[in-house]
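Trainee: Structural data only, the sequence is not supplied:
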C-alpha cells in the first residue's frame, strides 16, 4: 500500500489576536488527495486558523508548529506561502477598483509560476476555466469585485484558484451568501479542482455545501480546538442534531 503524501501538519497550534487567545491547541494532518471540512459556530476559531496559515500579521502564534511539505510554514513570508502553492479564498473578498479582472488574474498566474505566460496561452486556459464556471467574457473587463454580487465574487475566487492550481486550498465559507444556483456552480468548480495531487480545507457553518462537495473528513471546532472528527456522515449528524450535540459530550458527567 502506497503511503499517503503529507501536505500539511498542524501540531498544538495556539494563536492570539491582540493578546486574546483564539486557538488553543489545534492538531490536524492533511494529505494529498484529501478534502477536509472544518465546521463550527461563529467565533470558534475557524477563520483564525485560515488567516494564521496564510500569514496574516494580526494573528500571533504563541505555541505549536505548522509544517507544509515538511517545511516550517510559520517561518515563510506571505508571498512565499502563496508562491509555494497555498491559496486562501476569503469569506468576504475585497474590491480592487481600477484593476481589471483580466490583469489581476494574469499577474497572479505570473507570480505563482515565476514566469510570464504568453497572452495566447493564458487566454486559452482562462477561457476553458471560465466555461467550466459559467463566467461570461464581460467579466474580464470589470474591476476586481467592484460592484460584484456575492455569487460573482465567489465565482471569481474559484476561477482564480483554478488558474493558480494550488497544492493546498483554504476555502473560508465559500458558500456564504450564495443562492442555490451559485452554490452548485461554485461547488462544481471546487470538485473540478480537487485531485490526488492537492488538498483542500473547506470551512463552513452549514452542511448544505457538503451536499455538493463530499469531504473525506469532517472536523468540528469549538472554543479554539478541534473537538470531534469523522467522515462525511458527521456533517449530516451536525445538521440533524446541532452543535450542542457535540459540545455536550465535553461536559463531564457526575
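Mentor: Noted; the coordinates are in hand. Owing to the predicted nature of the structure, the values given are computational and were not obtained by experimental measurement.
Trainee: Do a quick rundown of the helices in the protein.
Mentor: 46-54, 78-83, 101-113, 119-133, 150-164, 180-193, 233-241, 244-247 (DSSP state H).
Trainee: who wins for proximity to residue 71 among the ones you listed?
Mentor: Evaluated over the helices of the chain, closeness to residue 71 peaks at helix 78-83, with 10.1 Å, by CB to CB. All C-beta spots, glycine's among them, are computed from the backbone N, C-alpha and C.
Trainee: Flag every buried residue along that closest one.
Mentor: Neighbour-count burial for helix 78-83, counted by 16 or more other CB atoms under 10 Å, picks out 81-82.
Trainee: Begin at 26, not 1, for the rest of this chat.
Mentor: Will do, 26 is the new start, and the previous item becomes helix 103-108.
Trainee: Quick check: mean pLDDT of it?
Mentor: Confidence for helix 103-108, expressed as mean pLDDT, is 94.
Trainee: which residues are contacting stretch 88-102?
Mentor: 31-39, 50-51, 77-78, 80, 86, 106, 109, 111, 192-193 (CB atoms under 8 Å, 6 or more residues apart in numbering).
Trainee: repeat that with 10 Å
Mentor: When contacts are defined by CB atoms under 10 Å, 6 or more residues apart in numbering, stretch 88-102 is touched by residues 30-41, 48-55, 57, 74, 77-80, 86, 105-111, 192-193.
Trainee: confidence score at residue 159?
Mentor: For residue 159, the model assigns a pLDDT of 79.
Trainee: quick one: contacts for it?
Mentor: With CB under 10 Å, 6+ apart, residue 159 has these contacts: 180, 206-207, 210, 213-214.
Trainee: Pull out the buried residues from those.
Mentor: Counted by 16+ other CB under 10 Å, these give 180, 207, 210, 213-214 as buried.
Trainee: Model confidence for residue 277, exactly?
Mentor: Predicted confidence (pLDDT) for residue 277: 51.
Trainee: so of the helices of the chain, which one's packed in deepest?
Mentor: Among those, ranked by average contacts under mean count of other CB atoms under 10 Å, first place goes to helix 71-79 (a mean of 22).
Trainee: any idea how far that helix is from the chain center?
Mentor: Relative to the chain's own centre, helix 71-79 is displaced by 9 Å; criterion: CA atoms, centre = their mean, to the nearest Å.
Trainee: Stretch 74-86 too?
Mentor: Using CA atoms, centre = their mean, the offset of stretch 74-86 from its chain centre is 13 Å.
Trainee: go on, stretch 74-88?
Mentor: 14 Å.
Trainee: For the residue nearest to residue 268 when sequence neighbours are not counted, give me the backbone phi and psi.
Mentor: Closest residue in space to residue 268, ignoring its immediate chain neighbours: residue 66 at 5.5 Å, by CB to CB, 6 or more residues apart in numbering. With angles defined as degrees, to the nearest 10, residue 66 sits at phi -70, psi 170.
Trainee: My guess is residue 259 contacts residue 245. True?
Mentor: Yes: using CB atoms under 10 Å, residue 259 is in contact with residue 245, at 7.3 Å.
Trainee: if I look at those two, which residues touch both of them?
Mentor: 62, 64, 253, 271.
Trainee: Let me know the closest of these to residue 118.
Mentor: Minimum distance to residue 118 across these is 20.5 Å, recorded for residue 62 (CB to CB).
Trainee: For that closest one, give its distance to residue 172.
Mentor: 31 Å (CB to CB, to the nearest Å).
Trainee: Who has more neighbours out of the two?
Mentor: Set residue 62 next to residue 172 and count neighbours by other CB atoms under 10 Å: residue 62 wins out with 24 against 9.
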